[in-house]
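# Test case, fold it:
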Amino acid sequence: MLQCLPSRRPSKILLFILMFCLTTPYSHALIKELGMGDIGVAYPQDSGVPRYNPAGIIDLDDRQDYGYGISHQRGQTDFHGSQDQLIFPDSYQTNTQASWQLLGIGGFCKRITENITIGSSLDATRSFRSKCPQGFPALGQGKVDVDLVSPLLLLTAAYRITPAHAVGLTLVQGVSRLSFCGFQNAAVNSVSPENVSNRGFNWAYGVGLRVGYLCHITPKLNFGASYSSRLIFSTRYKKYKGFIPDMGRFDAPNQVYLGFAYRATCRTTLAAQFLYVWWSQLPSLYNGTFYNPNTGLAGINQHPAGSKKGPGPGWRDGLNVSIGADFQVNNALTVRGGVILGRSLFPRRETPSNAQNNLFVLKNVLELGATYVWTDWEFNVSYGHIFYRKVKGVPQSVYLGGTFDISYAQDGILLGLSKLL
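Below you'll find the model as predicted:
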């Protein structure tokens, strides 16, 4: 592990606006990582490290971690420019509840033998709400509303092969609750017209695996890597199988983390991390509305909603780069900070199909945090800011020249308490 001073370590398919939120910048990590640019794959700090690398818990002492906080989202979608203001009025506007949201996370890890450590963590922050109270006539009747809650439970075991090498395995279990309202017009071209919108909440359950590797290249330099399998939901969203592509099948994608951490001085650690996510493996998210899946060229997706090639949000594979650092002020206080650099998950032509999905225009994130150690307790705080960004759409002929513009920004603060056992 990295060496330092002695301290406590503690009309048809275009109507299908599809939104999902299975991965966010604040997805089942704990407080320290969220104050350092989401860094964790090569720099284990608390029991939330299996989110990045299951092998990381091998370097931790026995501990319990808890965190609670609030998040303020400010997202908006504006429609303008249509030649028919009766069917496609400029007044259409949606937001992701510009309000406060309660967050909750926790975890523990325990060393069983000198070379084996186990742990678990629970994330209850994975929720999303987006609505347009006045509705949109082109989509359906009544308010437009998308509501998703998707907590995860991670069970982890790590084994130290040699003093410099360790491996780990995490069982990821998820449960999800989802509902759509105001999309009735999607039934015009659907494989299951009665299962499109306003069916109430639908539950689904999923499971996946994550494997990780941690290497202490030198006493000052760490390398970490992990691979996550697809989180496969054994139950489909049957109430919305006429709306979600592949008859309501909605999994979470494969992803890979790679990272390095370097102890620059006895009080300073620098780290970098790369995350690649294969959204293209999931028809429910990769399928576009404004391109032809048979040719891969621009054009309207004419496949029925709910079919395997049916219209979706048209997400691209994602690559995020994180850079972070921490500084040990003294044996009790450590401060940290970092940034996440990425891109919008969808191209400009797909802004209509992401109108309820303005969270995923995010690009750059700033995170700050601090830890104070008192006897066997740690007090943690982290702050995250997603910088405002606007994705301007392109005029669409099906909306008679209308354009959807999507913008988003977010602030969140988390307070944590850890017990060193």
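
# For the rest of this, base every contact and every neighbour count on C-alpha atoms.
OK.

# burial measure for P163, as a count.
10 (other Cα atoms under 10 Å).

# any idea how far G119 is from it?
20 Å (Cα to Cα, to the nearest Å).

# And for F79?
47 Å.

# And for L153?
11 Å.

# got it, and G212?
When G212 is compared with G119 (using Cα to Cα), they lie 14 Å apart.

# re earlier: so for L153 and G119, which sits in the more crowded spot?
With neighbours defined as other Cα under 10 Å, L153 and G119 compare such that G119 has more, 25 against 20.

# so the closest residue in space to the more buried one that isn't next to it in sequence bridges to which residues?
Computed as Cα to Cα, 6 or more residues apart in numbering, the closest residue to G119 that is not its neighbour in sequence is C109, at 3.9 Å. For C109, the beta-bridge partners are R63, G119 (DSSP bridges).

# correct me, but C109 touches I58?
No - C109 is not in contact with I58 according to Cα atoms under 8 Å; the separation is 9.0 Å.

# Return every residue with contacts to both of those two.
Contact criterion Cα atoms under 8 Å, 6 or more residues apart in numbering; residues shared by C109 and I58: T117.

# next SSE after the helix or strand harbouring V175?
Assessed by DSSP states H and E, V175 sits inside strand 165-181. On the C-terminal side of strand 165-181, the nearest following helix or strand under DSSP H and E is strand 202-218.

# pLDDT averaged over the helix or strand following that next one, what's the number?
Toward the C-terminus, strand 202-218 is succeeded by strand 221-228 as the next helix or strand (DSSP H and E). Regarding strand 221-228, the rounded mean pLDDT is 97.

# do stretch 181-188 as well
87.

# Any idea how far that stretch is from the middle of the chain?
Between the centre of stretch 181-188 and the centre of its chain there are 27 Å (Cα atoms, centre = their mean, to the nearest Å).

# Repeat that for stretch 368-386.
From the chain centre to the centre of stretch 368-386 is a distance of 22 Å (Cα atoms, centre = their mean).

# any idea of the mean pLDDT for it?
Mean predicted confidence for stretch 368-386 is 94.

# where does the stretch 251-400 of the chain have low pLDDT?
For the stretch 251-400 of the chain, applying pLDDT under 70 flags the ranges 291-299, 356-362, 397-400.

# where do the strands sit along it?
Assigned by DSSP state E, counting those that start in this stretch, the strands in the stretch 251-400 of the chain fall at 255-263, 268-277, 291-292, 297-298, 318-328, 333-341, 364-374, 377-392.

# Which stretch among the ones you listed approaches K131 most closely?
Closest of the strands of the stretch 251-400 of the chain to K131 is strand 377-392, at 18.3 Å (criterion: Cα to Cα).

# Could you check the angle that closest one makes with strand 364-374?
Compare the direction of strand 377-392 with that of strand 364-374 by axes from the mean of the first three to the mean of the last three Cα atoms, to 10 degrees and you get 170 degrees.

# What helices and strands are in contact with the very next helix or strand once past strand 377-392?
Using DSSP H and E, the next helix or strand after strand 377-392 towards the C-terminus is strand 403-420. The contact analysis (3 or more Cα pairs under 8 Å, 6 or more residues apart in numbering; DSSP states H and E) places strand 403-420 against strand 63-80, strand 377-392.

# residues contacting Y52?
Going by Cα under 8 Å, 6+ apart, Y52 touches 40-41, 226, 257.

# My guess is T269 contacts T334. True?
No - judged on Cα under 8 Å, T269 makes no contact with T334 at a distance of 10.9 Å.

# Specify which residue of those two has the higher count of neighbours.
T269 (21 against 18).

# Name whatever forms a beta bridge with that one.
R263, D326.

# Show the contacting residues for it.
So, once contact is read as Cα under 8 Å, 6+ apart, T269 ends up touching 261-263, 325-327.

# between these, which is nearest V391?
A325 (30.4 Å).

# so how far is S226 from that closest one?
Counting by Cα to Cα, the gap from A325 to S226 is 21 Å.

# V335 now?
Distance from V335 to S226, by Cα to Cα: 26 Å.

# Could you verify my assumption that S353 touches P313?
Yes - in this structure, S353 is within contact of P313 by Cα under 8 Å, at 5.0 Å.

# higher neighbour count, the two?
Set S353 next to P313 and count neighbours by other Cα under 10 Å: P313 wins out with 28 against 24.

# my read: the more buried one touches P283, true?
No - applying Cα under 8 Å, one finds P313 not in contact with P283, separated by 9.7 Å.

# Could you give the bridge partners of T156?
Note on T156: beta-bridge partners by DSSP bridges are G119, T170.

# Report whether the expected contact of it with L122 is present.
No - contact between T156 and L122 fails when scored by Cα under 8 Å: they sit 11.6 Å apart.

# Compare these two and say which is more crowded by neighbours.
Using other Cα under 10 Å as the criterion, T156 and L122 rank with T156 on top: 27 against 21.

# who's in contact with the more buried one?
So T156 contacts 50, 54, 118-120, 168-171 (Cα under 8 Å, 6+ apart).

# farthest pair in these?
The farthest-apart pair in the contacts of T156, when distances are taken by Cα to Cα, is S120 and G168, at 12.5 Å.

# what about the two, which has more around it?
Neighbours of S120 and G168, each counted by other Cα under 10 Å, are more numerous for G168; the result is 25 against 22.

# measure that one to L153 for me?
Taken as Cα to Cα, the span from G168 to L153 is 16 Å.

# Check I31 too.
I31 sits 17 Å away from L153 when distances are taken as Cα to Cα.

# Count the neighbours of the closest residue to V373 other than its chain neighbours for me.
Leaving out its chain neighbours, the residue that sits closest to V373 by Cα to Cα, 6+ apart is A332, at 4.7 Å. By the criterion of other Cα under 10 Å, A332 has 15 neighbours.

# so A332 makes contact with W374?
Yes - between A332 and W374 there is a contact under Cα under 8 Å: 6.8 Å.

# Tell me the residues that contact both of T269 and T334, please.
By Cα under 8 Å, 6+ apart, the residues touching both T269 and T334 are 326-327.

# how about I413, what does it touch?
69-71, 381-384 are the contacts of I413 under Cα under 8 Å, 6+ apart.

# Could you identify the pair within those that is furthest apart?
Maximum distance among those (Cα to Cα): 13.6 Å, for S71 and V381.

# check contacts around K419.
63-65, 376-378 are the contacts of K419 under Cα under 8 Å, 6+ apart.

# Please repeat the previous calculation with a cut-off of 10 Å.
Applying Cα atoms under 10 Å, 6 or more residues apart in numbering, we find K419 in contact with 10, 62-66, 108, 373, 375-379.
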